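S.K.: fold the following, please.
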Amino acid sequence: MASTIQLIEVPQSFCQQEVAFIQSQLAEWFEAEAQVGRLVFDFAKTRVLDSAAIVYLRQLSQQAKDKGVELLGWSLRPQLKQVLTLAGIDQYFTFTETTNQVFGDNVDVAFDQQVHPSVISKGKRLLDIVGALVGLTITSVLFIPLAIAIKLDSPGPVLFSQTRCGYKGQQFKIWKFRSMVTNAEALKHQVENEIDGAFFKNTNDPRITKVGKFLRKTSLDEFAQFWNVLIGEMSLVGTRPPTLDEVAQYNSHQSNRLEVKPGLTGEWQVNGRSTVLNFDQVVEMDLNYQKRWSLGYDIKLILKTIQVVFSKRSGAC
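M.R.: Residues are numbered from 1 along each chain as shown. Now for the predicted structure:
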């Protein structure tokens, strides 16, 4: 039997509810049509897209790869294509440019990106820039002694980088002072995860070096992230930036935590890092931050973070 092509007309609003519908529809097709060779997503009408859609498209890519199905994104408007590209979706989909077959030559329908007010707040951005400059000044003073201590304790680079997901699933390189052995990722499967859910945490992780324990206890390992804040990939306050494999496990509700920029600190870091060991609880704390957000609330969380660090109750995220 020859392989078939399935066309998915993506609705004007491609958000959590619509994602669930398309997800169930494709599940039926995959189950019934063993010979589907190509899935074509027609984005011509799409004007609104949220993190649930981005997370689902990434998850679908693995399912399609396993079944040998090609993914094609059709009729993307430039802004929508940019959002999906920043989130790394272009690694799995073949994109085509905008067409006017739906709206006609004389109709210009813009992509209406849904944005949380914290993302476009000039006050929050100013706070981030000032905080990042102060943090980087402190980091520059500490860099040489920290680098010497890290090198003497464990061979390898001073800094550690890892791809994380930020706002709307956008991929970026997070920076930290290295607190683990250099082959930590290869040894991860040998360490028990104390968190019930999508992300990984072990209080007594054996991969952490002696100097690394000090860096994490004082949160000095995260000072390199002030650079991520300065260039706008992160904020001083937000949600914990997840890894790609964590996001691959998200459901539509959990993906809502990507609707704000990731932060150096946030609700979970100051209100439950050591006691909240269930990922769904972390998600609810992140969503609570989105509901309560204000510039004053950010300042409150920053001050509380400083208090937590100096009380020696901090830990690594």
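S.K.: need the per-residue pLDDT for the closest residue in space to Val283 that isn't next to it in sequence.
M.R.: With C-beta to C-beta, 6 or more residues apart in numbering as the measure, Gln254 is the residue that lies nearest to Val283, at 5.1 Å, once sequence neighbours are left out. Every residue, glycine included, has its C-beta placed from N, CA and C. With respect to pLDDT, Gln254 scores 91.
S.K.: so Gln254 sits right up against Phe279, yeah?
M.R.: Yes. Here Gln254 reaches Phe279: they are 7.4 Å apart, a contact under C-beta atoms under 8 Å.
S.K.: more neighbours: which of these two?
M.R.: More crowded of Gln254 and Phe279, by other C-beta atoms under 10 Å: Gln254, with 24 against 20.
S.K.: what about the more buried one, distance to Gln171?
M.R.: Gln254 is 18 Å from Gln171, where distance means C-beta to C-beta, to the nearest Å.
S.K.: now swap in Ala147 and tell me
M.R.: Where Gln171 is concerned, Ala147 sits at a distance of 27 Å (C-beta to C-beta).
S.K.: what do you get for Phe160?
M.R.: Using C-beta to C-beta, one gets 17 Å for the distance from Phe160 to Gln171.
S.K.: residues of the longest helix seen in the chain that come out buried?
M.R.: Using DSSP state H, we find that the single longest helix of the chain is helix 122-153. Neighbour-count burial for helix 122-153, counted by 16 or more other C-beta atoms under 10 Å, picks out 124, 127-128, 131-132, 135-136, 139, 143, 146, 149-150, 153.
S.K.: which outside residues touch whichever strand or helix holds Arg164?
M.R.: Using DSSP states H and E, Arg164 falls within strand 159-165. With C-beta atoms under 8 Å, 6 or more residues apart in numbering as the contact definition, strand 159-165 has outside contacts at 87, 171-180, 224, 241-244, 246-247, 258, 262.
S.K.: list only buried entries from those.
M.R.: When neighbours are counted using 16+ other C-beta under 10 Å, those contain these buried positions: 87, 171-172, 174-180, 224, 241-243, 246-247, 258, 262.
S.K.: quick revisit: quick check: neighbours shared by Gln254 and Phe279?
M.R.: Common neighbours of Gln254 and Phe279 are listed as Ala198 (criterion: C-beta under 8 Å, 6+ apart).
S.K.: next, the contact list for Thr182, please.
M.R.: Neighbouring residues of Thr182 by C-beta under 8 Å, 6+ apart: Ser154, Pro155, Gly156, Pro157.
S.K.: about what we covered before: in strands, which of the buried ones among the contacts of strand 159-165 appear?
M.R.: Among the buried ones among the contacts of strand 159-165, DSSP state E puts Gln171, Phe172, Ile174, Trp175, Lys176, Phe177 in strands.
S.K.: need those in JSON lines with distance to Lys201 and pLDDT, can you?
M.R.: Conversion of those to JSON lines gives the following (distance: C-beta to C-beta, whole Å; pLDDT from 0 to 100):
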{"residue": "Gln171", "distance to Lys201": "22", "pLDDT": "92"}
{"residue": "Phe172", "distance to Lys201": "21", "pLDDT": "95"}
{"residue": "Ile174", "distance to Lys201": "16", "pLDDT": "96"}
{"residue": "Trp175", "distance to Lys201": "20", "pLDDT": "95"}
{"residue": "Lys176", "distance to Lys201": "15", "pLDDT": "95"}
{"residue": "Phe177", "distance to Lys201": "19", "pLDDT": "96"}
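S.K.: got those as JSON lines, with distance to Glu70 columns?
M.R.: What follows is those, written out as JSON lines (distance: C-beta to C-beta, whole Å):
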{"residue": "Gln171", "distance to Glu70": "22"}
{"residue": "Phe172", "distance to Glu70": "28"}
{"residue": "Ile174", "distance to Glu70": "32"}
{"residue": "Trp175", "distance to Glu70": "36"}
{"residue": "Lys176", "distance to Glu70": "37"}
{"residue": "Phe177", "distance to Glu70": "42"}
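S.K.: just the closest of these to Arg58, please.
M.R.: For those, the minimum distance to Arg58 (C-beta to C-beta) is 10.1 Å, reached by Gln171.
S.K.: gap between the most centrally placed residue in the chain and Phe30?
M.R.: The residue lying closest to the centre of the chain (C-alpha atoms, centre = their mean) is Cys165, at 2.4 Å. Cys165 sits at a distance of 25 Å from Phe30 (criterion: C-beta to C-beta).
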